[in-house]
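Chemist: Just the structure for this:
(4 chains, ligands or ions: 2)
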Amino acid sequence: MDDLYREIIIEHYKNPSYRGHLDPHDISFADNNPLCGDHIQIDLRVDKDGKVTDARFDGHGCAISQASADLLIESIIGKSVEDVKKLGKQDILDLLGIDLGPVRLKCALLSLKVLKAGVYGLGEASDELVE
Amino acid sequence: MDDLYREIIIEHYKNPSYRGHLDPHDISFADNNPLCGDHIQIDLRVDKDGKVTDARFDGHGCAISQASADLLIESIIGKSVEDVKKLGKQDILDLLGIDLGPVRLKCALLSLKVLKAGVYGLGEASDELVE
Amino acid sequence: MSLDVTSIRKQFPILNREVRPGVKVVYLDSTATSQKPEPVIEAMNDYYRRFNANIHRGVHTLAEEATAAYEQAREKIAKFINAPAAREIIYTRNTTESINLVAYTWARANLKPGDLVILTEMEHHSNLVPWHILAAERGIRLEFIPVTDDGLLDLDAYRLLLSQDPKLVSFTHMSNVLGTITPAQEIIKLAHEAGAITIVDGAQSVPHLKVDVQKLDVDFLAFSAHKMCGPTGIGALYGKANLLEAMPPFMGGGDMIKEVKLRSFRPNSIPAKFEAGTPAIAESVGFGAAVDFLNSIGMENVAAHEHEIIEYALERLEEIPGVKVFGPSADKKGGVASFTFDGVHPHDVAQILDRDGIAVRAGHHCAQPLHEKFGIPATTRASFYLYSTKDEVDALVNGIYNVKKVFG
Amino acid sequence: MSLDVTSIRKQFPILNREVRPGVKVVYLDSTATSQKPEPVIEAMNDYYRRFNANIHRGVHTLAEEATAAYEQAREKIAKFINAPAAREIIYTRNTTESINLVAYTWARANLKPGDLVILTEMEHHSNLVPWHILAAERGIRLEFIPVTDDGLLDLDAYRLLLSQDPKLVSFTHMSNVLGTITPAQEIIKLAHEAGAITIVDGAQSVPHLKVDVQKLDVDFLAFSAHKMCGPTGIGALYGKANLLEAMPPFMGGGDMIKEVKLRSFRPNSIPAKFEAGTPAIAESVGFGAAVDFLNSIGMENVAAHEHEIIEYALERLEEIPGVKVFGPSADKKGGVASFTFDGVHPHDVAQILDRDGIAVRAGHHCAQPLHEKFGIPATTRASFYLYSTKDEVDALVNGIYNVKKVFG
Ligand SMILES: Cc1ncc(COP(=O)(O)O)c(C=O)c1O
Ligand SMILES: Cc1ncc(COP(=O)(O)O)c(C=O)c1O
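Modeler: Ligands and ions are numbered 1, 2, ... in the order given. Prediction:
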C-alpha cells in the first residue's frame, strides 16, 4: 500500500511540469470524475503530420489524478495522435508504477479519458475509452 | 391442519343455504380477492327499522371463501345494519371455528369485506373494513 | 449428462425443512421463486461479515472490495446471457422493475399517441400493467398475439399485427402458467423486420434455459435473481448499449449523475445512469454466486433435467380422473404444470396438499387475462427446478388423491 | 444510560475484520452505510434456510410464513417511526426510490407548470435530481432554503419563500455532510400553514434519532434500511394514508393490482398498490430485525452515545493544524464530521488513512451543490454510529498526522 504514494507521485503532484494552458491550441477537452469532483482539462498542439508538439493539463483533484495527468502529458509529447488513441489503462498504471482498486483507478484514468475524448473529437468522455 | 377442512366448511361449501340473488334488494355489492380471483356478491333487504330481513350471496371461489359467505349470511339475517357494521375478523373466525394464515384469511374475509362495503355504501371494498 | 440431484439437493438447506413434525417440504413452487443454495447464502454472509460498504464513492478497503464485487457480479451476469458488455446490464429490483424501467424511459421518449405496442395473451401482469398505464397516459395502442387452445402463440395472427407498423413487441420467453417456451428468436426477427424494438420477459427463461441475447438479437431482456437461485431484492435489465445510452434516466439520485448543480444535473454513463441511490449490494454478490452455481451445473443440464421431470409429471397427472393440465406437450414447454381438478377450487387443492408438505401455488399466477381466455378463474400450479425429483411428482399425485378424499 | 459499546461491537462481526494482516478496520463511514449486527444477518439466513417463498399469492406453509414475516416487519417499521398504520409503510429499494416514488406519483398528479417546490441547499442528490427531472419535464419552479456559514438552514429566508405559495417542501432531516439536524417540526408546521405538502428525507435521521411521524406531522418520510443496521436492497416510504390512497400507482405488475384485464387494470389498495413484482422479502425480514436491534438499545441511547462521540471528535479534530471541520457545533448535529486538510486532497487523505485501516469517505458525498456553496470540491468525512468509540476517534487523529508525514 505504501507504493500508492511512491515518491514519484507525490513529486509530480507537488511539482508538476506540465500544468498550464496552451493558447492557441488545436485540441482542448475537459471533464470531471463524477465520484469525487476531480477535474482535468487538457490542451494539445498537433502539427500537420498528426504529431503532438506540445501539451498541458490543468485541474484539481487528488494526487493520483493530478500526478497521472502530469505523467501522461510528459509521455505523449512527440507522439503521434494515432499512438495516443491506442493508450489504455495499463499504460497509465505503468506510468504510475502501482496497482489500484476500482475507485482510485477512475482517478488515475481521468486524464487519459479526457485526452482520448479530445483526440477523438467526442462530445462526452466515457469510461469505455479507457477500458 | 385438518381443522381447516372441518366438515361444517365442506358442508356449507357443497350445500350452501343462502346462495342466490335478491330482486329487488336494498343493498348489493360485489368484489374480488385480487390474490386468487375469488368473487362474492351480496344482496340485502333491509326494513325501515334498519334490520336485515333477507340476504343472499353468489360468487365462486374456494371452500373457505364460499363457506364463510354462507355462514356469514346465515348469521346476519335478523340483525340490525348497525350490528353488521360492527362485525370483524374474529366473528368470521368464530363462525368457521378455525385459525387461518394471512393468505387464506383474505379468502375467509372476502364476504365480510363485501358486506361491509355494501352497508357503508362505499365505492370500493378495502382491507381496513375487516381489520 | 443427467444431474446428480442428490448432491444438488444437499446444497439447499430448506429442502430438509419439515413444515410440521415429520412432514418434509416438497417444494413445487419454483416458478414463483426458487430456493437458494448454500453458496449463494454464504456469499452474502461473507459480504456482510467481511466487506460490507457503500460502493463507488469510497476509497477505503471495504468500499474498494464491495465495489469490485458489485461490478464482478455484473460481469458474471453479462456473460451468463452472453451480453457483449457488462455495462449493458442494469441492476433492478426484479423483472417487474426492469420492464417498468423501459416503459418509463425508452417508451415515454419514443412512443407517441396511436403508436402500436404488441404484447401476447399469455403475459404476466408485469408485462401488461406498465403498458396499460402508458396507454392511459399517452394513448398508445395495445394489440395481443393470441394464444391457441394448446397454449402456443398464434404466429399467423402475429404476422398480421406486424403489418400495422408496431413500434414495440414485448413478450414472455416462457409462460409462467402454461410453461410454453415461445419462439423468441423468430418473433424478434419478424419484429425487427417490421421496424419494432423488442423486449423479452425472461423471468422464466433465464433461470431454466440457456439464453443468449446476441443469438436472440433481443433489444431488452428482463429477469429476476430470486427465480434463478439468487436472492430477493435484485433483478436485471439487459439492454443494447446504443439504446440504453440514448434513453433518458429513470430515477434521480446518487450515482446516476455525472455532475449536479442546484438546478440541473448531467446524467452518468451507463449502467450507473439507471442505478440511482445505494443499490442492492449484498444481493448483487448473491446474484453473482447464483450465476456461478448455475454455471457449475450447466444450463443445458438444468433444462434436460427439467424436461425429464415435466414429461413424467404430465404423464402421471393426466392419469388422475378430473385433472386437466393446461399448455402444450412436454417438448414445447418448461417445468410448469398448471391444472384444474374437477369440483375443487385450486386454493383448496393447494391447501390440502400443504398438509402433506407439498408446496404448490393456486390462483391466477399474475396472468388473469390468460385464465379468462381459458374460462377459468384459477389453476393449481406445480413447477420444477434443478432440485426436483420424480419422487416429488409421485408425492404430488398421491396428494391429489388425498384432496379427492376430503371433498368426497 | 451510556451504551455498553463493547458488547454491542461483539455483535458486528465485520468490526473484527483485518483489512491487512495486523491492521483492524476502524469503520468511520456509517453515514454511507452502517454495518450489520449478527441478529440481522441471521434473520435473513433463517429466512433463506427455513421459509423462503414468494409472498401473498401462496397458500402453502412456506408462503404463509414468508408473507407473515414480510408484513410483521412492516408493522415493526411502522411502530419504529410511530406511523398510525402499517399500511402507510411502502417498501422501496432505498431513500432514493422513496423520494422518486413521490415525484413520479404524487408530484406528477398534483404539480402544474410554474408550481413552486422548496428544497434546501444541503440536500443529497436524491432529493435534488428527481425534482430537476420534474422541472425539465413539467416546468415546476425550484427554490432553495439557503444554508448559513455555520451550516444551518436560514429560516427567515424560508419564511419569505413560503409567501410564494409553495406546493411542496422537501428537505433533509439531517445533512449527510454537515451533520446538521434540521428543525423539521417547525419547517413542516410552516409549510402546512402555507398549504404545502412535506417530504422529509430521513436517510440520516431515522437511523440516528427517535423520529416520530405523528409528532412531526410529516406527509412523507423516506429512509433506507442499510443505514440503520439493516440490509441493502430495501428502504421505506412512509406516507399519510389519505395521500397514498389518492396517488396513482408507480410501477405496474404483480401484487399492485386488484384485477387485470387484457387492456386495463384496477390498482390494489395500499401498501400493495406501490409494491409491484416480487419484493425484497429476505430484506424485509432483515429490516425488521434491524428495527428490533435498535429498539433493544433504544434510540435515545444511540443518539446520546453519538453525541458524546461527535463532541469528542470535533474537539480532537479542531486541534490539528490545517484541519477545518464544516457544519454546526456538536449540540446541533449528529455524528458526522466532514473536514478539509490543507494541501491534501480528501481522496488522498482517505487513501492514506486506509493504510491504518481507517475507513472514511472522501468526495462530495452526493451533495455537490452544498460543496460548491462552501467553495470546495470535496471533503473527507468521518461518521459515527452506535458501535463507534473514542479510541477510533484517536486512531483517526493519529492517522491524519500520518497523512501530514506523507505529504511532507
Ligand atoms: C441525507 C441523505 N439522503 C439520501 C440518501 C440516499 O440514500 P440511498 O442511497 O440509500 O437511497 C443518503 C445516503 O447516502 C443521505 O445521506
Ligand atoms: C413470466 C413472468 N414475468 C414476470 C414475472 C415477475 O417477476 P418479479 O416478480 O420477479 O418481478 C414473473 C414472476 O412471477 C414471471 O413468471
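Chemist: only C-alpha atoms for contact and neighbour calcs from this point on.
Modeler: Fine.
Chemist: List the buried residues of stretch C:40-60.
Modeler: Going by neighbour count (16 or more other CA atoms under 10 Å in any protein chain shown), the buried part of stretch C:40-60 is C:40-41, C:43-45, C:47-60.
Chemist: could you give me the average pLDDT of that stretch?
Modeler: The pLDDT scores in stretch C:40-60 average 93.
Chemist: For it, measure first residue to last.
Modeler: End-to-end distance for stretch C:40-60, by CA to CA, to the nearest Å: 25 Å.
Chemist: quick one: the closest residue to A:Asp43 other than its chain neighbours from chain B, how far?
Modeler: In space, and not counting its chain neighbours, A:Asp43 is closest to A:Ser28: 4.4 Å by CA to CA, 6 or more residues apart in numbering or on different chains. According to CA to the nearest CA, to the nearest Å, A:Ser28 and chain B sit 61 Å apart.
Chemist: Work out the sheet partners of the one helix or strand A:Ser28 maps to and label each with its direction, please.
Modeler: Using DSSP states H and E, A:Ser28 maps to strand A:27-32. If you go by DSSP bridges, strand A:27-32 pairs up with strand A:39-46 (antiparallel).
Chemist: So what's the gap between the strand it pairs with and the chain middle?
Modeler: Put simply, strand A:39-46 sits 9 Å off its chain's centre (CA atoms, centre = their mean, to the nearest Å).
Chemist: who's in contact with the residue most central in space within chain A?
Modeler: Central residue of chain A (CA atoms, centre = their mean): A:Ser111, 2.7 Å from the mean position. When contacts are counted by CA atoms under 8 Å, 6 or more residues apart in numbering or on different chains, A:Ser111 is found next to A:Ile40, A:Gln41, A:Ile42, A:Ser65, A:Ser68, A:Ala69, A:Leu72.
Chemist: Touching, the third one and A:Asn32? I think so.
Modeler: No: contact between A:Ile42 and A:Asn32 fails when scored by CA atoms under 8 Å: they sit 12.0 Å apart.
Chemist: any weak-confidence spans in the chain?
Modeler: Looking at chain A here, since you left the chain open. Where chain A drops to pLDDT under 70, the residues are A:1-4, A:35-36.
Chemist: actually it's chain C I care about, not the one you picked
Modeler: C:1.
Chemist: in it, what residue sits furthest out from the centroid?
Modeler: Quick read of chain C (CA atoms, centre = their mean): farthest out is C:Leu262, 39.6 Å.
Chemist: what about the nearest residue to it once chain neighbours are set aside, how many residues close to it?
Modeler: Spatially, and ignoring its direct neighbours in sequence, C:Leu262 is nearest to D:Pro369 (5.4 Å; CA to CA, 6+ apart). Look at D:Pro369: counted by other CA atoms under 10 Å in any protein chain shown, it has 22 neighbours.
Chemist: Same check on the one 10 residues further on?
Modeler: If you count neighbours by other CA under 10 Å, D:Thr379 ends up with 27.
Chemist: The most centrally placed residue in chain C and B:Thr53: what is the separation?
Modeler: For chain C, the residue nearest the mean C-alpha position is C:Ala203 (1.2 Å; CA atoms, centre = their mean). For C:Ala203, the distance to B:Thr53 equals 52 Å [CA to CA].
Chemist: Distance of C:Ala136 relative to D:Gly253?
Modeler: C:Ala136 is 15 Å from D:Gly253, by CA to CA.
Chemist: Look up which residues are beta-bridged to the nearest residue to C:Val206 once chain neighbours are set aside.
Modeler: Using CA to CA, 6+ apart and skipping residues adjacent in sequence, the residue nearest C:Val206 is C:Phe223, 6.8 Å away. Counting by DSSP bridges, C:Phe223 is bridged to C:Ala236.
Chemist: who in chain C is up against ligand 2?
Modeler: Residues of chain C found near ligand 2 (CA under 6 Å from any ligand atom) are C:32, C:94-96, C:124, C:126, C:172, C:175-176, C:201, C:203-204, C:224.
Chemist: which residues touch the closest residue to chain A within the stretch 201-350 of chain C?
Modeler: Minimum separation of the stretch 201-350 of chain C from chain A (CA to the nearest CA) falls at C:Lys258, amounting to 4.4 Å. If you count contacts by CA under 8 Å, 6+ apart, C:Lys258 has them with A:Asn32, A:Asn33, A:Pro34, A:Leu35, C:Phe265, C:Arg266, C:Pro267, C:Asn268, C:Ser269.
Chemist: Run me through the strand neighbours of the helix or strand containing it, direction for each.
Modeler: Counting by DSSP H and E, the element that carries C:Lys258 is strand C:257-260. Strand C:257-260 pairs in its sheet with strand C:265-267 (antiparallel), by DSSP bridges.
Chemist: Touching the partner strand from outside, list them.
Modeler: Outside of strand C:265-267, the residues within contact range by CA under 8 Å, 6+ apart are C:Pro249, C:Met256, C:Ile257, C:Lys258, C:Glu259, C:Val260, C:Lys273, D:Val129, D:His132.
Chemist: again, but for stretch C:388-401
Modeler: Stretch C:388-401 is contacted from outside by C:5, C:26-28, C:306, C:309, C:312-313, C:316-317, C:320, C:349, C:352-353, C:356, C:358, using CA under 8 Å, 6+ apart.
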